[in-house]
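Visitor: Sequence and predicted structure below; questions after.
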Amino acid sequence: MTLKHLMAVATVALGLHAAPVMAQETAIEAMQEYLMFQDYESGIILPQQIDQGVFETALFVDTRDAGQFDTETIPGAVNIEWREVLDRIDEIPEDRMTILFCNTGSLSAQATFALRVAGRSNVVVMQTGIIGWKQDAAWKP
């Protein structure tokens, strides 16, 4: 192998290594920017805040698995598992409040964070999840 070939291989190898690092740095910068400019309670909603008006205009997204969704969910909710929200972002409207929930709010909080970093400021997580909604919702159909 000539020096020219070695240099080409080294350049390609460094380029392949640099691409994931650059992608990671870009992701970190986007998350840092999001965190720096958000209010303390932005991106969340409590079950007590969900009145009839909110319920009738928001899209509810159940981020639990299909089995849990089939067993019980909030009426009218759609099922997009928390790990799939970015893959299925086109199914999440940009023009109305979208409330993500799971059992307690922990998995849906991760999905909400990912969507908000991706630019969906209309997406919120319902703290305390479906468990809290069943106990504390201001209005239920």
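Guide: The structure has been received and is ready for your questions. Nothing here was measured: the structure is a model prediction, and the numbers come from that model. Numbers count the residues shown, from 1 in each chain.
Visitor: What segments of this structure are helices?
Guide: 3-36, 52-57, 66-71, 106-117, 129-136 (DSSP state H).
Visitor: Point to the helix or strand of the chain where mean pLDDT is at its lowest.
Guide: The weakest-scoring helix or strand in the chain, judged by mean pLDDT, DSSP states H and E, is helix 3-36 (a mean of 55).
Visitor: contacting residues for the closest residue in space to residue 66 that isn't next to it in sequence?
Guide: In space, not counting the residues next to it along the chain, residue 66 is nearest to residue 79; the distance is 6.1 Å by C-beta to C-beta, 6 or more residues apart in numbering. Where you see a C-beta, it was placed from the backbone N, CA and C, and this is true even at glycine. Applying C-beta atoms under 8 Å, 6 or more residues apart in numbering to residue 79 gives the contacts 61-62, 64, 66, 69, 73.
Visitor: how much space between residue 79 and residue 94?
Guide: 20 Å (C-beta to C-beta, to the nearest Å).
Visitor: Can you verify my assumption that residue 68 contacts residue 103?
Guide: Yes - the pair residue 68 / residue 103 is scored as a contact, 7.4 Å apart, by C-beta atoms under 8 Å.
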